[in-house]
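**Q** Need the 3D shape of this:
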Amino acid sequence: MNKTKYIVYDDSLCAQILIFGPTLQHGDVADQMGVRDRVISAGFLSIGIKDIDELEIGVSAYGRSISLDIDSNPETDTFLARYALGFE
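**A** Numbering: from 1, shown residues only. Model (predicted):
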């Protein structure tokens, strides 16, 4: 499984997810995108092959962002990530 980071923010129409590499800080990405004050969750994504026979990709959101001092919302964030990556 590969580990990436993400933030979810409110763009006034719906929640949006930004997925980025593990070397970046959540707070820095939120600042660069101008969404720090609209972040509603943040954490990590584990992405990998869940079932090799079915070629099913597993995506799981977990953890929290220390730099933003905000928790993930695993169920909702996993759905948003799967949708953004084209798995839903």
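**Q** Poorly predicted segments of the chain, please.
**A** Scanning the chain for pLDDT under 70 picks out 1, 51-55.
**Q** quick one, longest strand in it?
**A** strand 39-51 (DSSP state E).
**Q** and it, which strands flank it?
**A** Applying DSSP bridges, strand 39-51 is found paired with strand 2-10 (antiparallel), strand 56-62 (antiparallel).
**Q** who's in contact with that strand?
**A** By CB atoms under 8 Å, 6 or more residues apart in numbering, the residues outside strand 39-51 that reach it are 1-10, 15, 19, 22, 26, 30, 55-65, 68, 70-74, 76-77, 81, 85. C-beta: built from backbone N, CA, C; applies to glycine.
**Q** Filter those down to just the buried residues.
**A** 5-9, 15, 19, 26, 30, 59-61, 65, 68, 70, 72-73, 77, 81 (16 or more other CB atoms under 10 Å).
**Q** roughly how far out does the biggest helix by length in the chain sit from the chain middle?
**A** Across the chain, the longest stretch assigned as helix under DSSP state H is helix 74-84. Relative to the centre of its chain, helix 74-84 is centred 7 Å away, using CA atoms, centre = their mean, to the nearest Å.
**Q** what does that helix contact?
**A** 6, 8, 15, 17, 19, 41, 43, 45, 47, 59-62, 88.
**Q** which among these gets closest to V35?
**A** Nearest to V35 among those is V8, at 9.6 Å by CB to CB.
**Q** Return the residues in contact with the closest one.
**A** V8 sits in contact with 15-18, 39-42, 73, 76-77, 80, where contact means CB under 8 Å, 6+ apart.
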